[in-house]
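Novice: Could you look at this predicted model? Sequence included:
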Amino acid sequence: MKDVVVVGAGPAGCSVAKELAEEGYDVVVYEKRQEIGAPKRCGEGLSSSAVDNLGLDIPEYCRMQSMDGALVYSPNGDSVRIHSDETVGWILERKTFDKWMAERAAKAGAKVRAKAKVVDLLPENRGVVVEIEGERKKVESRMVIAAGGVESLIAKKTEVKDQSDLEVVDSGYQYEMVNLDLKDENKLELYFGDEVAPRGYVWVFPKGENKANVGIGIAGDLDETAKHYLDRFIENNERFSKASIVEVNSGMIPVGGLLENMVADNFMAVGDAANQVNPIHGGGIREGIKAGQIASEVASRALEKDDTTKEELEIYNHMWWEERGKSLRKVEKLREVLEDLDDEDLNYLAKKLDGQDLMDFTQGKRLSKLGKLLLKRPKMIKSARKLL
C-alpha cells in the first residue's frame, strides 16, 4: 500500500509530492497527459515575489523572458503603464517548468508516471483505479490528493467539489505566436472592454525574440466562443498581420468559487482542483504550489498519527484560508465589482488610476481607493460599497 497517491503532475501535485517524499513517505504521482507540461494551460507568467515566497530556484532554461511591468489598455485605447527598474516576474516555458517540478518530486523519492489516467476512487478514498496503456489496476493508499486541474474528476467524486459552475469559470483560448511586433518585450500587454473580452481581458505575454503568448479569458456562459473574440482582436490589429501561430491552447479557468472545504476522509484537493487561483487574472501557479506546501505539512502530520480522517485534515482548510484564502476573497469581491463596469466606467478609471494602484488591486490591497472612485459614478454606488 502506498502512503499517498497524487492525481495530477502540475505544479500543485508535484509540490505536495516532493514535500511528502522528502519526509520519507511512499508517494506516487499519476498524470493523464503523455507529456508533463503539454499542452500548457496558461499564459505562463509568474511574479518574482511569488518565486521568493515559494522558495523556488527556477533554472534559467525554464525562464523565457523577464518582465519589468505592464501596459494596461482601457476600451478607448488609453493606457496605464506599470514599470519597475527591477525584474518583477518572468514568462516561463511551462513544458520545461512543469517537467522540472516533476523531476524535483522524483528526485525527492516520489514515483511519477505520465500517461496514467486515474478513473475512479477506491472505497473510503483509500486509493485509486488507474489506467495505464489500456490496462486498469487498483492502487491502494492511505490518502489521495487531487491535483488534476479545474476539471478534476476525482475531486468531483467526493464531497469536496460540485460540477463546474459557469458563473465562476472563464473560457480561455491562446495562441503562441512568432514574428510578432511587440510594444515592449519586457512588459505584459492587457486589453479590457466589452467588445474585446466580455468579463475578461486579452493578454500578450512576451517570450523573447518577437514571440509571445496571445490569449483571452472571457465569461464561460457567453454565446460566442473565446476563440471568436481572440481571432477578432488579432484581425483588427495590423501588428499581428505578419505573425504566425505555432501553438494553440484552450481550456477552462476558475476565477472564483473559493472552496470553504477542501478535504474529506483520506482525501485533499489542491491547486485548480480546489479553485485556488487569483480571481482577477486567473493565475494559478503560485497558488497551486503554495497549496501543495500547506497540504503536505498537514498530510505529513496526519500520516504520522495514522489518522487521515476529515477531522484531522481540516486544519488544511484553516491554514490555507489564513495564508491565501482571505486575501483571494478580497480579490474575488473586486472581480465581482469589475464585472458590473461598462466600457465608460473602465475609461473613467484609466484616467484616475496609476500602475501601483493596479498592482495593489490584484493583490487585494487598497481596494477602498477604487471604491471611493466608483462612488462618484451614481450607477456604481451599490457595487462600490462592497470595496469600502
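Specialist: Done, it's in. For clarity, every value in this text was computed on a predicted model and none was experimentally measured. Residues are numbered from 1 along each chain as shown.
Novice: Break down the stretch 101-250 of the chain into its helices, ranges please.
Specialist: When secondary structure is read from DSSP state H, counting those that start in this stretch, the stretch 101-250 of the chain shows helices at 153-156, 226-235.
Novice: Okay, buried residues for the top helix by length along the chain please.
Specialist: Using DSSP state H to assign secondary structure, the helix with the most residues in the chain is helix 285-305. By neighbour count with 16 or more other C-beta atoms under 10 Å, helix 285-305 contains the buried residues 285-303. The C-beta positions use only the backbone N, C-alpha and C, and glycine is treated the same way.
Novice: Any idea how many residues pack against Lys2?
Specialist: Residues within reach of Lys2, counting by other C-beta atoms under 10 Å, total 18.
Novice: Who is it paired with across the strands?
Specialist: Beta-bridge pairing for Lys2 (DSSP bridges): Ser141.
Novice: Please apply the same query to Met252.
Specialist: Listed beta-bridge partners, Met252: Ser171 (assigned using DSSP bridges).
Novice: Quick check: it vs Ala114, distance?
Specialist: Met252 sits 22 Å away from Ala114, going by C-beta to C-beta, to the nearest Å.
Novice: if we can go back for a sec, could you tell me the least trusted of the helices of the stretch 101-250 of the chain?
Specialist: The minimum mean pLDDT among the helices of the stretch 101-250 of the chain belongs to helix 153-156 (a mean of 85).
Novice: what are the phi and psi values for Ser337?
Specialist: Small correction: residue 337 is Val, not Ser. Backbone dihedrals for Val337, given as degrees, to the nearest 10, come out at phi -70, psi -40.
Novice: Nearest residue to it in space, ignoring adjacent ones along the chain?
Specialist: In space, and not counting its chain neighbours, Val337 is closest to Ser383: 4.7 Å by C-beta to C-beta, 6 or more residues apart in numbering.
Novice: Hmm, Asp345 and that neighbour touching each other?
Specialist: No. With contacts defined as C-beta atoms under 8 Å, Ser383 does not count as touching Asp345, sitting 9.7 Å away.
Novice: Contacts made by stretch 181-197 with the rest, please.
Specialist: Stretch 181-197 is touched from outside by 45, 65-75, 82-83, 201-206, 208, 210, 212, 216-218, 229, 233, 239-240, 242-243, 342-343, 346, with contacts defined as C-beta atoms under 8 Å, 6 or more residues apart in numbering.
Novice: Could you tell me which of those residues belong to strands?
Specialist: Cross-referencing those against strands under DSSP state E gives 45, 65-67, 69-73, 82-83, 201-206, 208, 212, 216-218.
Novice: coming back round to it: could you export the helices of the stretch 101-250 of the chain to CSV, including columns for mean neighbour count and distance to Thr362?
Specialist: Rendered in CSV, the data for the helices of the stretch 101-250 of the chain read as follows (neighbours: other C-beta atoms under 10 Å; distance: least, C-beta to C-beta, whole Å):
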stretch, mean neighbour count, distance to Thr362
helix 153-156, 22, 26
helix 226-235, 17, 21
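Novice: ChimeraX command for the buried members of the ones in strands among the contacts of stretch 181-197?
Specialist: Here the buried members of the ones in strands among the contacts of stretch 181-197 are turned into a ChimeraX selection, burial being counted by 16+ other C-beta under 10 Å:
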select :45,65,66,67,69,70,71,72,73,82,201,202,203,204,205,206,212,216,217,218
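Novice: Quick one: mean pLDDT for the longest helix of the chain?
Specialist: The average of the pLDDT scores along helix 285-305 is 97.
Novice: likewise stretch 36-49?
Specialist: 90.
Novice: which residues sit in contact with the residue most central in space within the chain?
Specialist: Centrality entry for the chain: nearest residue to the mean C-alpha point is Gly284, 1.9 Å, by C-alpha atoms, centre = their mean. The neighbourhood of Gly284, defined by C-beta under 8 Å, 6+ apart, consists of 11-12, 42, 254, 271-272, 276-278.
Novice: cool, Arg126 as well?
Specialist: For Arg126, the contacting residues are 140-142, 144, 266, by C-beta under 8 Å, 6+ apart.
Novice: Quick check: which element contains the nearest residue to Ala108 once chain neighbours are set aside?
Specialist: Spatial nearest neighbour of Ala108, excluding adjacent residues (C-beta to C-beta, 6+ apart): Ala21 at 4.0 Å. In the assignment (DSSP states H and E), Ala21 maps to helix 11-22.
Novice: what comes into contact with that helix?
Specialist: For helix 11-22, contacts defined as C-beta under 8 Å, 6+ apart pick out 3-4, 6-7, 9, 27, 29, 31, 97-98, 101-102, 104-105, 108-110, 112, 145, 147-148, 270-273, 276, 284-285, 288-289, 291-293, 295-297, 299-300, 303.
Novice: let's see it at 6 Å
Specialist: Residues from elsewhere that reach helix 11-22, judged by C-beta atoms under 6 Å, 6 or more residues apart in numbering: 4, 6, 27, 29, 101-102, 104-105, 108-110, 145, 147, 270-271, 285, 288-289, 291-293, 295-296.
Novice: ditto for stretch 85-104
Specialist: Applying C-beta under 6 Å, 6+ apart, the contact partners of stretch 85-104 are 9, 11, 14, 18, 36-38, 40, 44-48, 61-67, 112, 205, 207.
Novice: Quick one: mean pLDDT for that stretch?
Specialist: Looking at stretch 85-104 alone, the average pLDDT works out to 96.
Novice: For it, measure first residue to last.
Specialist: For stretch 85-104, the first and last residues are 32 Å from each other (C-alpha to C-alpha, to the nearest Å).
Novice: in that stretch, what's buried?
Specialist: Neighbour-count burial for stretch 85-104 flags 88-102, 104 (criterion: 16+ other C-beta under 10 Å).
Novice: Mind picking the two most distant members of those residues?
Specialist: Looking at the buried residues of stretch 85-104 by C-beta to C-beta, the two members farthest from one another are Val88 and Ala102, with 26.9 Å of separation.
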